[in-house]
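Enquirer: I'll drop the sequence and a predicted model, then ask my questions.
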Amino acid sequence: MLLRLSAAALLPAMLIAQAPGEDTRALVAKYAAIVKNYPSQLKEAKAGKIHLSLEGTPEGISVMIAHETRPGVRQLLLQARYFMLRSLAAEAGKLPEALANFSSTVSQSSMLELAGQITPDSPALDLVAEVDPQFLGWIAWHASGGGFAKQTEAAAAAKAFAFYDQVFEKHPTRAVRLMALEGAIELHSRPRMIPEVRSGLARLQAFEPGSPAIAKWNAWIAKAEVEDKVAPKAGNPMPAFKVAELGKPGTVLTPASFKGKYWILDFWATWCGPCKGELPFVHKAYAKYHPAGLEILSVSSDKKAGDIAAFRKNAATPMPWHHAFPEGKEREALMNLFQVRGIPHVILVGPDGKIITVNEGLRGEELDKTLGKLLKTK
């Protein structure tokens, strides 16, 4: 619901923004309540049962942000506005495609603006701890430029981990520092960085000996060490699997389908921004190296197969290679088999059926350089 804000209506927000500073805890509590109540409040406002206060809307908070001069409060307002916009995502799915895409763009732009301004000591992180502790990972990743800036995934990850460390060292609130410790362990666990998870767990045990997360991560390490012996990593044989080829009824693909060839197993989705960002490089590499024998199998995590077909109708994204769309438990089993913790997740396999590399050297311009060392073109 868009609100029409007159000059008279804007004045209270401007006055609020320039009022004497409130106690930080009180501000955090206030905006935590606003964010949590916003979906229900919006429904009641649409039904004509209540009138939303200006500071209880993303539009009103945008005005306040424009006039706020205190960095910490401004960051808190940015975070509150993003959480409110995010709560509208379910409604966006019911809109026509053009409007839904517009809504997604607004939300993504808001997140990037937010991530670029949040500092490690920001009261905005107190709001994150109150509303959605997992969101700290998104702030760290986007603040690092992950998925957007032209850099390797490893470089972006290093910046994200550094952000967690800075939050732990600089933030005045113990709950936020604990959130940073647990969040860093979680982020390290996704690419299965076992030594780093063990190191983070030691820090957590020293800082918060009674944390329920300690038992969870001890169990994770024990399991990961066993699984790592047969993990899909460089030098190991490609694990056995089978998937139905999308668009070709009766065709089943397995690693044997690509025997004697270099091939890529690519986990992706049409809703994944970084995945789509990689496609120009993948198309270029496929056009260059497919005549020399390169094959690609893209495995989608989309909600329905029709999303893939619609996406591939775009002239810029035909993706003229093999596709699969496993669903439910089949998809879950495949993701677990290849230890996929996030997408894009890319695996390069050699003609002998052994894995050459997982993710490393397969993103952006690095993909062409890696393939160029293995395949000869005319």
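Expert: Done, it's in. Numbering: from 1, shown residues only.
Enquirer: Now the element after the longest helix anywhere in the chain, going C-ward?
Expert: Ranked by number of residues, the top helix in the chain under DSSP state H is helix 24-46. Counting by DSSP states H and E, the element after helix 24-46 in chain order, helix or strand, is helix 58-67.
Enquirer: Can you identify the element that follows that following helix toward the C-terminus?
Expert: Using DSSP H and E, the helix or strand that follows helix 58-67 towards the C-terminus is helix 71-86.
Enquirer: doesn't H171 make contact with L136?
Expert: No: if you go by C-beta atoms under 8 Å, L136 and H171 don't touch, sitting 10.6 Å apart. Quick note: C-beta positions are derived from backbone N, CA and C, even for glycine.
Enquirer: Return the list of helices and strands in contact with the longest helix of the chain.
Expert: For helix 24-46, the packing partners by 3 or more C-beta pairs under 8 Å, 6 or more residues apart in numbering; DSSP states H and E come out as helix 71-86, helix 124-131.
Enquirer: what inclination does that helix have with respect to helix 58-67?
Expert: When axes from the mean of the first three to the mean of the last three C-alpha atoms, to 10 degrees is applied, the directions of helix 24-46 and helix 58-67 differ by 140 degrees.
Enquirer: buried residues in helix 24-46?
Expert: L27, V28, Y31, A32, I34, V35, Y38, Q41, L42, A45 (16 or more other C-beta atoms under 10 Å).
Enquirer: Redo these as a markdown table? Include distance to T370 and pLDDT.
Expert: A markdown table is the format used below for the buried residues of helix 24-46 (distance: C-beta to C-beta, whole Å; pLDDT from 0 to 100):
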| residue | distance to T370 | pLDDT |
| --- | --- | --- |
| L27 | 49 | 92 |
| V28 | 47 | 94 |
| Y31 | 46 | 94 |
| A32 | 46 | 95 |
| I34 | 49 | 94 |
| V35 | 44 | 94 |
| Y38 | 46 | 92 |
| Q41 | 52 | 89 |
| L42 | 49 | 88 |
| A45 | 54 | 86 |
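Enquirer: Could you dump the residues you listed into JSON lines with distance to E332 added?
Expert: What follows is those, written out as JSON lines (distance: C-beta to C-beta, whole Å):
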{"residue": "L27", "distance to E332": "41"}
{"residue": "V28", "distance to E332": "37"}
{"residue": "Y31", "distance to E332": "37"}
{"residue": "A32", "distance to E332": "34"}
{"residue": "I34", "distance to E332": "37"}
{"residue": "V35", "distance to E332": "31"}
{"residue": "Y38", "distance to E332": "33"}
{"residue": "Q41", "distance to E332": "36"}
{"residue": "L42", "distance to E332": "34"}
{"residue": "A45", "distance to E332": "39"}
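Enquirer: now, which of those sits nearest T254?
Expert: In terms of C-beta to C-beta, no member of the buried residues of helix 24-46 lies closer to T254 than V35, at 47.8 Å.
Enquirer: what about the closest residue to that closest one other than its chain neighbours, how many neighbours?
Expert: Nearest non-adjacent residue to V35, counting by C-beta to C-beta, 6 or more residues apart in numbering: F83, 4.5 Å away. Look at F83: counted by other C-beta atoms under 10 Å, it has 23 neighbours.
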